[in-house]
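In: The following block contains a protein sequence and its predicted model.
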Amino acid sequence: MLFGGTMANTVCAISTANAPGGIGVIRISGPEAVSVADRVFEPISGESLSEAAGYTCRFGHVYDKAGARLDQCIATVFRAPKSFTGEDAVELSCHGGLYVLQTVLAAVLAAGAAPAGPGEFTRRAFLNGKMDLAEAESVMELVSASGREAANAARAGQDGALSRRIAEIRAQLTDCCAHLAAWADYPDDDVPQVDADFLQTRITEGKRALAALLRNFSVGKIYREGVRTVIAGRPNAGKSTLMNLLAGEDRSIVTEIPGTTRDVVEETVRFADIPLRLADTAGLRETDDAVERVGVAAAKRRIEAAQLVLAVFDGAQPLGPDDLRLLREIAETPAVLIVNKNDLPEALDPAPLYDSGKPVVSLSASSGAGLDALERAVKDVLGASHLDPAAGVLYTERQRRDAEAALAFLEEAEAALCAGLTLDAVTVSLEAAVSSLLELTGERVTDAVVDEVFSKFCVGK
Ligand SMILES: Nc1nc2c(ncn2[C@@H]2O[C@H](COP(=O)(O)OP(=O)(O)OP(=O)(O)O)[C@@H](O)[C@H]2O)c(=O)[nH]1
Ligand SMILES: [Mg+2]
């Protein structure tokens, strides 16, 4: 198959990480993959790779053009279409040193393969019909996923969960279009009257499904990009102790002297499986100390820009004016209110905390008691409690754009239906929605979009 002039040639790249490892893999894919590999690889058995069936491997050595032995290697042969790309492919598993891999790659290039571009292997898999565009994008997500939830979501995408969900929504809408088309083509025949309720129900269902996917997109983003989180509270509340608990090491200085933390101390931690970009800040209070004042001002700026505030209150002290001011300042920000030092007798009346409507968690930052409840509260506040990867997750801005376009067209269709406009107007909007969904999965997509998708991949994938 020839696609855009790039598909016919045989390409290669190092497919493992650009870091030392036990094993490093060089992937070769294309019509000449096996003969290129034969030029650099000599099996111990003497049987060339050309004689090897798909899914078999040979042990041997890799040589450069001058005949110098570069490394021991296991060569695995894949025969089209039964490979990741759908083409003939060979994977050379060598020792994982970066120098070794570079020299083997140079030998493979000298043997006639071209260097693979970013995402080239996955692009070929897409163009050969091995996966749709949404699945290809989830491959990329899987490669970059660092947390369990993110990996689960990406894996579900690779299993086609998103594509299946989109296909279901589309099928419902296509059904409506068919219904309307029959009516338009044969108005006088026996086609039953267009049933406005039927259309309305289908449109509402489609809207609801797309809205749910779009909600999950922002949640997915939390897992992918992390959350700007500020630990705030008055001096001595135990902010730095909490920071150290979450970081699993002593990042911030803890003392019994109020006003210990002055600079902003940052650390990214994984909490409730979500990457939190934590900032421990100076205790909030009016002060004459010039250095502390600068720290308090910095803390306030951080709070204003935060996506999540962990507001720490000293449970062994009554609430003071600084606490109440903090409550007002974070009224509009997602936040968890932490009543700390629950190992000491409680002196804090939590009523004003509960009145804020925000979740309240009782904790001992020094012992870690109550951390589970904090985890649940953080997930809740960020809307991450109900993410079900198996129900399909949008991964990329591109997918979000298409889903949003489809939703907007459905709203148009609904408005046309409610306004009693001609059914042609409804049909046009419904068809546009279907078309947006076809673009989402890549079944109807321009070269420019395909280029955009794969340019974001790393070389070797
Ligand atoms: N008993 C008890 N003491 C705690 C707890 N958390 C913190 N402390 C103590 O409270 C004091 C202040 O803790 P820090 O973590 O430094 O408080 P902070 O909010 O960072 O204070 P500043 O940096 O001054 O704003 C220290 O003596 C801690 O050991 C807790 O859960 N229980
Ligand atoms: Mg501190």
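Out: Looks like it arrived, so ask away. Small disclaimer: the values here were computed from a predicted structure and weren't measured. Ligands and ions are numbered 1, 2, ... in the order given.
In: tell me which parts of the stretch 301-450 of the chain are close to ligand 1?
Out: 340-341, 343-344, 364-366 (CB under 6 Å from any ligand atom). C-betas here are computed from N, CA, C, even on glycine.
In: ok, so of those residues, who is nearest ligand 2?
Out: residue 365 (10.7 Å; CB to the ion).
In: quick one: the closest one from residue 319, how far?
Out: 18 Å (CB to CB, to the nearest Å).
In: Give me the more crowded residue out of the two.
Out: residue 365 (27 against 20; other CB atoms under 10 Å).
In: Enumerate every residue touching that one.
Out: By CB atoms under 8 Å, 6 or more residues apart in numbering, the contact list for residue 365 reads 238, 241-242, 245, 312, 338, 340-341.
In: Swap in 6 Å and give it another go.
Out: 238, 241-242, 245, 340 (CB atoms under 6 Å, 6 or more residues apart in numbering).
In: Point out the residues in this structure that sit beside ligand 2.
Out: 239-240, 260-261 (CB under 5 Å from the ion).
In: run the last query once more with 6 Å
Out: Contact residues, the chain versus ligand 2 (CB under 6 Å from the ion): 239-240, 252, 260-261.
In: Next SSE downstream of the helix of greatest length in the chain?
Out: Taking DSSP state H as the criterion, the chain has its longest helix at helix 196-225. Counting by DSSP states H and E, the next helix or strand C-terminal to helix 196-225 is strand 227-233.
In: Can you name the next helix or strand after that following strand?
Out: Next along from strand 227-233, by DSSP H and E: helix 239-247.
In: any idea of the mean pLDDT in that next one?
Out: Taken as a whole, helix 239-247 has a mean pLDDT of 97.
In: And that helix, how far out from the chain middle?
Out: 27 Å (CA atoms, centre = their mean, to the nearest Å).
In: try stretch 205-223
Out: That offset, for stretch 205-223, works out to 13 Å (CA atoms, centre = their mean).
In: show me where this protein has strands.
Out: Applying DSSP state E to the chain gives strands spanning 11-14, 21-29, 41-43, 56-63, 69-78, 89-96, 114-115, 227-233, 265-271, 274-280, 308-314, 335-340, 360-362.
In: Return the alpha-carbon coordinates of stretch 49-59 using PDB.
Out: Taking C-alpha atoms only, stretch 49-59 is exported to PDB below (Å, rounded to 0.1, in the frame of the first residue of the first chain):
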ATOM      1  CA  LEU A  49      15.300 -14.300   9.000                       C
ATOM      2  CA  SER A  50      13.800 -14.500   5.500                       C
ATOM      3  CA  GLU A  51      13.100 -18.200   6.200                       C
ATOM      4  CA  ALA A  52      11.500 -17.400   9.600                       C
ATOM      5  CA  ALA A  53       7.700 -17.500  10.000                       C
ATOM      6  CA  GLY A  54       5.800 -14.700  11.700                       C
ATOM      7  CA  TYR A  55       5.900 -14.700  15.500                       C
ATOM      8  CA  THR A  56       9.200 -16.500  15.700                       C
ATOM      9  CA  CYS A  57      12.500 -15.400  16.900                       C
ATOM     10  CA  ARG A  58      16.200 -16.100  16.400                       C
ATOM     11  CA  PHE A  59      19.200 -15.600  18.600                       C
END
